[in-house]
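Chemist: structural data only, the sequence is not supplied:
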């Protein structure tokens, strides 16, 4: 058995949040640079140039890419041979609060969603998804600060199995069409297919953090991703909604077993400031 | 600095400035804007409905749909990009009727907002969502105006210089 101190978890969470908030992934930057080569109209090119310039400023000043520094979502993969010395969830919450203070992040969370909507003032709580891994003595943490411009445009639908491939493609494309320029295109579209209602949404979120430019190992899903991306980019929404051929940088599809009676599909949209960071202890 | 062919405009907007601009035009905005988002809009429209005084004179003014992140020491403002304008659509026609003439944000507007823009001669500009650190560099001064208890959602007066935007809509 390996012992990991809660203080180590806290320090890593803080570091991962700040890294995600300030530094965009090179995969996204290079996809945006490719898009800039392909866009021809002045407003679309301006939007892409501003996005790339914004990334340079955020990295060099170590300041958040976006004022919506998001709700903090943490996926934790804990080896069963690890013992955490101290409170695990409190370590994550405390690391997230430290990141909020040290990184000058925005307090974007309200305690009651419906009635008083009073700000929690330290961006707490972080949302934690925990899985235990057998025969493992590591802790792996994936942090996804999630802004709501794009989160609000996400959708889930419980399809009957008969909806088939066409039903999935149409739902993805319709969701992006209805979102228009609200989710800050160019976006990354994470899609979950299968599972139950909540698992479907969760794998869609995880799919958003997949490396842009990576190929789905299942050929059928790889083809589906390409087709969806092509159709989404034919919508003409373009960078910042200024018109153009780059509405999304990628469509990432993840699937899990589901019930004989159903085929849930979740579409989780992330803006070009797709923030995620991963580390382990 | 990004080189761009843009039309320079100075706030406050006048009917002449508004009528000279067309959707798709790239502009560089200099002048005073007020930040307001969901919670501030709710309060302002409640004040309008109750005939109470507003925290700032809306007439001829421009609202920027934004809730900045906190400023680091030595900075005027934190990252300060636009939020989704559509969430303010429920309140905007009343504000335009009360004198609001400019809006800066991101995303499409409702038919009701477009109708009010057309009727009263208002204009809607887009700035790039997620380009918040870049946009913050255009903000030269930032002052709290009202609703301090709302935190990032408080109304602030921003003096901006050379804020590059695109005309999205005039209704």
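Modeler: Looks like it arrived, so ask away. What you see is a predicted model; the values in this text were computed from it and never measured.
Chemist: could you pull out the buried residues of stretch A:236-251?
Modeler: By 16 or more other Cβ atoms under 10 Å in any protein chain shown, the buried positions in stretch A:236-251 come out as A:237-251. In this view, the C-beta of every residue, glycine as well, is placed from N, C-alpha and C.
Chemist: farthest-apart pair in those, please.
Modeler: With distances taken as Cβ to Cβ, the most widely separated pair in these is A:242 and A:251, at 21.1 Å.
Chemist: residues from chain B in reach of chain A?
Modeler: Selection of chain B residues close to chain A by Cβ under 8 Å from any Cβ of the partner chain yields B:2, B:4-5, B:24, B:26, B:39, B:66-72, B:78-81, B:83-84, B:86, B:106-108, B:126, B:128-137, B:150-152, B:164, B:166, B:168.
Chemist: which among those end up buried?
Modeler: Those of these that meet the buried threshold are B:26, B:39, B:66-71, B:78-81, B:83-84, B:86, B:106-108, B:126, B:128-137, B:150-152, B:164, B:166, B:168, by 16+ other Cβ under 10 Å.
Chemist: from the contact counts, what lies against the longest strand anywhere in chain B?
Modeler: Ranked by residue count and defined by DSSP state E, the top strand of chain B is strand B:155-169. Where contact means 3 or more Cβ pairs under 8 Å, 6 or more residues apart in numbering or on different chains; DSSP states H and E, strand B:155-169 is packed against helix A:42-61, strand B:26-35, strand B:123-126, strand B:139-146.
Chemist: which helix or strand contains the closest residue to residue A:196 other than its chain neighbours?
Modeler: Once flanking residues are discounted, residue A:196 sits nearest to residue A:264: 7.0 Å by Cβ to Cβ, 6 or more residues apart in numbering or on different chains. Using DSSP states H and E, residue A:264 maps to strand A:263-270.
Chemist: output the helices and strands packed on strand B:155-169 as CSV; include the columns mean pLDDT and distance to residue A:16.
Modeler: Formatted as CSV, the helices and strands packed on strand B:155-169 follow (pLDDT from 0 to 100; distance: least, Cβ to Cβ, whole Å):
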stretch, mean pLDDT, distance to residue A:16
helix A:42-61, 97, 16
strand B:26-35, 98, 30
strand B:123-126, 98, 32
strand B:139-146, 97, 29
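Chemist: how about the ones you listed, which one is nearest residue B:13?
Modeler: Of the helices and strands packed on strand B:155-169, nearest to residue B:13 by Cβ to Cβ is strand B:123-126, at 6.7 Å.
Chemist: C-terminal to the closest one, what's the next element?
Modeler: Stepping forward along the backbone from strand B:123-126, the first helix or strand reached (DSSP H and E) is helix B:132-136.
Chemist: buried residues, the helix or strand hosting residue A:10. List them.
Modeler: Element membership of residue A:10, judged by DSSP H and E, is helix A:6-22. Buried residues in helix A:6-22, defined by neighbour count with 16+ other Cβ under 10 Å: A:6, A:8-22.
Chemist: and if you look at stretch B:55-63?
Modeler: Using 16+ other Cβ under 10 Å as the burial criterion, the residues of stretch B:55-63 that qualify are B:55, B:56, B:58, B:61, B:62, B:63.
Chemist: before we move on, what SS does residue A:191 have?
Modeler: Using DSSP: H, G, I helix; E, B strand; the rest coil, the structure places residue A:191 in strand.
Chemist: partner strands of the host helix or strand of residue A:132 and their direction?
Modeler: Element membership for residue A:132 (DSSP H and E) is strand A:127-133. Using DSSP bridges, strand A:127-133 pairs in its sheet with strand A:71-79 (parallel).
Chemist: which residues touch stretch A:102-110?
Modeler: For stretch A:102-110, the external contacting residues (Cβ atoms under 8 Å, 6 or more residues apart in numbering or on different chains) are A:14, A:17-18, A:21-22, A:63-64, A:67-71, A:99-100, A:116-125, A:148, B:67-72, B:78, B:151-152.
Chemist: out of those, list just those in strands.
Modeler: Counting by DSSP E, the contacts of stretch A:102-110 place residue A:71 in strands.
Chemist: does residue A:97 touch residue A:123 like I think?
Modeler: Yes: using Cβ atoms under 8 Å, residue A:97 is in contact with residue A:123, at 7.4 Å.
Chemist: returning to that earlier point: remind me what the following helix or strand past the strand holding residue A:264 packs against, helices and strands.
Modeler: Downstream of strand A:263-270, the next assigned helix or strand under DSSP H and E is strand A:277-280. Packing partners of strand A:277-280 (3+ Cβ pairs under 8 Å, 6+ apart): helix A:6-22, strand A:139-146.
Chemist: quick one: the first one near chain B?
Modeler: This means helix A:6-22. No: contact of helix A:6-22 with chain B is not found when judged by Cβ under 8 Å from any Cβ; the minimum separation is 9.2 Å.
Chemist: and the contacts of the next helix or strand after that helix?
Modeler: Downstream of helix A:6-22, the next assigned helix or strand under DSSP H and E is helix A:26-38. Here helix A:26-38 makes contact (Cβ under 8 Å, 6+ apart) with A:45, A:48-49, A:51-52, A:55, A:186, A:188, A:211-214, A:239, A:245-246, A:249-250, A:272, A:274.
Chemist: just the buried residues from those residues, in ChimeraX please.
Modeler: Filtering the contacts of helix A:26-38 down to the buried ones (16+ other Cβ under 10 Å) takes a single ChimeraX command:
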select /A:45,48,49,51,52,55,186,188,212,239,245,246,249,250,272,274
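Chemist: got phi/psi on the residue nearest to the spatial centre of chain B?
Modeler: Centroid-nearest residue in chain B: residue B:64, 2.0 Å away (criterion: Cα atoms, centre = their mean). Per-residue torsions, residue B:64: phi -110, psi 120 (degrees, to the nearest 10).
Chemist: just checking, what packs against the longest helix along chain B?
Modeler: Identified as the longest helix of chain B according to DSSP state H is helix B:38-50. If you count contacts as 3+ Cβ pairs under 8 Å, 6+ apart, helix B:38-50 packs onto helix B:92-97.
Chemist: the helix it packs on: how far from the chain's middle?
Modeler: Chain-centre distance of helix B:92-97: 13 Å, with Cα atoms, centre = their mean, to the nearest Å.
Chemist: mind listing what's buried in that helix?
Modeler: Using 16+ other Cβ under 10 Å as the test for burial, helix B:92-97 gives B:92, B:93, B:95, B:96.
Chemist: with that, I have no additional questions.
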